[in-house]
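Enquirer: sequence first, then the predicted structure:
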Amino acid sequence: MAYLKQTEKTNNFLEVLVRDHRRYMPIMEYLDNLTQQESELSWQERERIALEVSKANGAEFCIGIHRGVLRAFESQEIGIGEDSMKPILAFVNKLVKASSHITKEDIEAVKKGGWSDQTVEDIIGLVSAITIYDILANGFGFKASLPKEVFEEMGKGTIEAGGFVAQFRSFIKQ
């Protein structure tokens, strides 16, 4: 349920973004930059991080999107090493819930998991981008109002399109 007059006729969060796409495209480009650039983290691992961020922020609609993308990766039989993700996910949760309390020890814990300084930077950037979307979705009042299958199709479409910007542009053209 949308809270604002200008969004009351929209059925989901993506419709809000498409409705005012010039305003939101730069954020989408920022997200694509963070998920598509070269990194030690695979796109799937970055989606796993995104899911963790959205869970911590209670952003139901965004959780649905990230789960849809992850399911699409699973259908391609691409896996994530959950053990290698443990220090990252602990860092992500602290970054979301208490970013002012991040310490050098928190970063060192990620690095002890075999990750580089650049990967820590990638994680911080990704958490910031996903948090922007989570706040938008929650602030506008959108919950996971679409069926699971729709989120899965959106996830598959995002992977096939090669990223969020290309998928977003396909919605704008519709």
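Expert: Sure, I can see it.

Enquirer: quick one, what contacts the residue nearest to the spatial centre of the chain?
Expert: Nearest to the geometric centre of the chain sits residue 50, at 3.7 Å (Cα atoms, centre = their mean). The neighbours of residue 50, taking Cβ atoms under 8 Å, 6 or more residues apart in numbering as the test, are 35, 62, 66, 126, 130. All C-beta atoms are positioned from the backbone trio N, CA, C, and that covers glycine.

Enquirer: highest neighbour count among these?
Expert: Counting neighbours by other Cβ atoms under 10 Å, residue 130 leads the contacts of residue 50 with 28 neighbours.

Enquirer: on that earlier part again, quick one: which helix or strand includes the residue nearest to the centre of the chain?
Expert: helix 43-57 (DSSP states H and E).

Enquirer: need the per-residue pLDDT for residue 101.
Expert: At residue 101, the model reports a pLDDT of 98.

Enquirer: tell me the spacing between it and residue 93.
Expert: Distance of residue 101 to residue 93, computed by Cβ to Cβ, to the nearest Å: 12 Å.

Enquirer: which of the two has more neighbours?
Expert: residue 93 (15 against 9).

Enquirer: ok, the more buried one touching residue 54?
Expert: No - contact criterion Cβ atoms under 8 Å: residue 93 and residue 54 do not qualify, at 11.8 Å.

Enquirer: from the chain's centroid, how far away is stretch 91-103?
Expert: Per Cα atoms, centre = their mean, to the nearest Å, the displacement of stretch 91-103 from the mean C-alpha position of its chain is 17 Å.

Enquirer: please enumerate the helices of this protein.
Expert: 13-19, 21-36, 43-57, 60-75, 82-98, 104-112, 117-140, 148-161, 164-173 (DSSP state H).

Enquirer: got CSV for the ones you listed, with mean pLDDT and distance to residue 4 too?
Expert: Formatted as CSV, those follow (pLDDT from 0 to 100; distance: least, Cβ to Cβ, whole Å):
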stretch, mean pLDDT, distance to residue 4
helix 13-19, 82, 9
helix 21-36, 88, 14
helix 43-57, 94, 20
helix 60-75, 86, 15
helix 82-98, 93, 25
helix 104-112, 97, 37
helix 117-140, 95, 7
helix 148-161, 84, 23
helix 164-173, 76, 20
